[in-house]
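**Student:** From the sequence below, what's the structure:
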Amino acid sequence: MRTLVFEADRGTCARDCLDGEPERARGAREGLASEISREVVGRSVEMTAVWATPRVGTAVRAARAADPRAIDGRFPRPFLYRAAVPTASTIADPPAALLDLLACPLSGEPLRLEGDMRRGRLVSPAGRAYPVIGGVPRLLPPDLLGPFLERAFPDVLDDPAVAETVAGAAPPDAAVLETLVAYDYQHVELADAVLPVDEWRATWSRFQPGIEPRAFAGQTVLEVGCGEGRHAWLVGEQAGGLVGLDLSRGVEVARQRDRRRNTLYVQGDLHRPPLRPGAFDALYSNGVLHHTPDPRAAFDAVTPLVRPGGRVFVWVYGLDGMAWWYRASHLTWLRPLSNRLPRPAQVALAAAGTAALEAGVWLPARALRRVGLDHVAERLPFADAADRPLQAKLRRVFDRLNPPVTHYLDADALRGWFAAFDDVAIVDAAGQGWSARGRVPTP
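**Tutor:** Numbering: from 1, shown residues only. Okay, the predicted model is just below:
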């Protein structure tokens, strides 16, 4: 029997314990999830999930193996660490039609799969090699792929073809790399421990009013900025094929949750999307483009991926004309400081904000509902989160403090984005941002 044990105390990680004799490995405390993931990837273990709840003392992660195995851990500090990487028995090669949508992020050339989706690589005709780790193609451009692998999966750089691909790459855009690191933490380590599908449906309806996931039935769909796959879960139920693209390791969580063969999650940079132009019937992006250095340039980079006559849907932040409590929730006065704080300080600040909202909003909202005054409770700002788990509330507040880059758009800017599109609509999403949609013109 083999057991994997992970210990966070003082940054020490005990990995790959065979018959109770652990081999210890050193690593930074914030790199623990990467250490766990790297050990799990490629092993024949039946994993449903691995997580630690953010409480002081011991946290036992829920993971069971068929052979059997158990993964346990000690987390003496109140910070959450998570690893959720699909394993051999849960990874299947996707249909060739989905793999055919992928392309080299530099040249746009088609890619050939060598090995399998467990831990193979995708190779271009020019010889550039991009690893596939845990069922997820890692199609970051070389300037981002190198730093990412050094931080998350350094052993992958032992592959000479991958090492040659990243060798000599120019330094990455600092803002993009900072965004990758920031959302690694948020999407992986603060991911929902359960699947609150009703909550995901509610946020979808807020972001895309009047558009139901079933509108994508039978289509080949791209989600730009899928994160941990919340909305991809909904659309993937309807779509003929779905690709979820994200800069961060949130795609690992998405793949671990969603094992459907009609979905493929890809780690890539939307500024240089690793996908074939004109390959998709529809594209949607909820709450992502405003976190790029140049939102208009990001929009212009991804919309050519949609065929003529296909549809594009985006939701972005707005401030002017939005509800007062929504504007206040963005903490624009605090963010210049908060996104420069070290990670533990960010988490502590988010915890303080969560406690304040719990006392001032969510506790009163629950009390009002208990006495039958639901209509009054619903008027309170953020009342929709009153019954969510504490971790989900913490994540919601942390999302206001974490992003290194944030832009606020207005309706005129979005009209400019969609100027060349047909059937354009710019919708005020209930005073909580802008939903814009249009159809790619046909020749």
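
**Student:** Show me the strands in the stretch 201-350 of the chain, by range?
**Tutor:** Per DSSP state E, counting those that start in this stretch, the stretch 201-350 of the chain carries strands over the ranges 220-224, 241-246, 263-267, 280-286, 306-316.

**Student:** Out of the ones you listed, which gets nearest to residue 300?
**Tutor:** strand 306-316 (11.3 Å; C-beta to C-beta). (Glycine included, C-beta is placed from N, CA and C.)

**Student:** Residues contacting the lengthiest helix in the chain, please?
**Tutor:** Criterion DSSP state H: the longest helix present in the chain is helix 343-357. Residues from elsewhere that reach helix 343-357 (C-beta atoms under 8 Å, 6 or more residues apart in numbering): 30, 78-79, 185, 338-339, 341, 382, 390, 393-394, 396-398, 400-402.

**Student:** Buried ones among those residues?
**Tutor:** For those, a neighbour count by 16 or more other C-beta atoms under 10 Å gives the buried set as 30, 79, 185, 338-339, 382, 393-394, 396-398, 400-402.

**Student:** Quick check: end-to-end length of stretch 112-122?
**Tutor:** From its first residue to its last, stretch 112-122 covers 5 Å (C-alpha to C-alpha, to the nearest Å).

**Student:** List the buried residues for it?
**Tutor:** Using 16+ other C-beta under 10 Å as the test for burial, stretch 112-122 gives 113, 117, 118, 119, 120, 121, 122.

**Student:** of these, closest to residue 136?
**Tutor:** For these, the nearest to residue 136 is residue 117 (8.3 Å; C-beta to C-beta).

**Student:** Could you check the pLDDT of the closest one?
**Tutor:** On pLDDT, residue 117 comes in at 87.

**Student:** got it, and residue 328?
**Tutor:** Residue 328 carries a pLDDT value of 89.

**Student:** Grab the nearest non-local neighbour of residue 230.
**Tutor:** Closest residue in space to residue 230, ignoring its immediate chain neighbours: residue 200 at 4.5 Å, by C-beta to C-beta, 6 or more residues apart in numbering.

**Student:** For residue 233, see how far away the one you found is.
**Tutor:** Per C-beta to C-beta, to the nearest Å, residue 200 is found 6 Å from residue 233.

**Student:** picking that back up, most widely separated two among the buried residues of stretch 112-122?
**Tutor:** Within the buried residues of stretch 112-122, two members stand farthest from each other by C-beta to C-beta: 118 and 122, at 13.3 Å.

**Student:** Give me the common contacts of the two.
**Tutor:** In contact with both residue 118 and residue 122: residue 132, using C-beta under 8 Å, 6+ apart.

**Student:** Neighbour count: residue 200 and residue 233, which is higher?
**Tutor:** Between residue 200 and residue 233, counting by other C-beta atoms under 10 Å, residue 233 is the more crowded of the two (23 against 18).

**Student:** I'd assumed residue 259 was in contact with that one.
**Tutor:** No - judged on C-beta atoms under 8 Å, residue 233 makes no contact with residue 259 at a distance of 11.2 Å.

**Student:** Stretch 153-168: end-to-end distance?
**Tutor:** 19 Å.

**Student:** Same question for stretch 300-310.
**Tutor:** So stretch 300-310: terminal residues 15 Å apart, C-alpha to C-alpha.

**Student:** Which positions in it come out as buried?
**Tutor:** 301, 302, 303, 305, 306, 307, 310.

**Student:** now those residues in CSV, with distance to residue 221 and pLDDT?
**Tutor:** As requested, the buried residues of stretch 300-310 are arranged in CSV below (distance: C-beta to C-beta, whole Å; pLDDT from 0 to 100):
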residue, distance to residue 221, pLDDT
301, 18, 98
302, 13, 98
303, 14, 98
305, 11, 98
306, 10, 98
307, 12, 98
310, 10, 98
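
**Student:** All the helices of the stretch 101-250 of the chain, residue numbers only.
**Tutor:** Per DSSP state H, counting those that start in this stretch, the stretch 101-250 of the chain carries helices over the ranges 142-152, 160-166, 174-184, 197-207, 230-236, 250-257.
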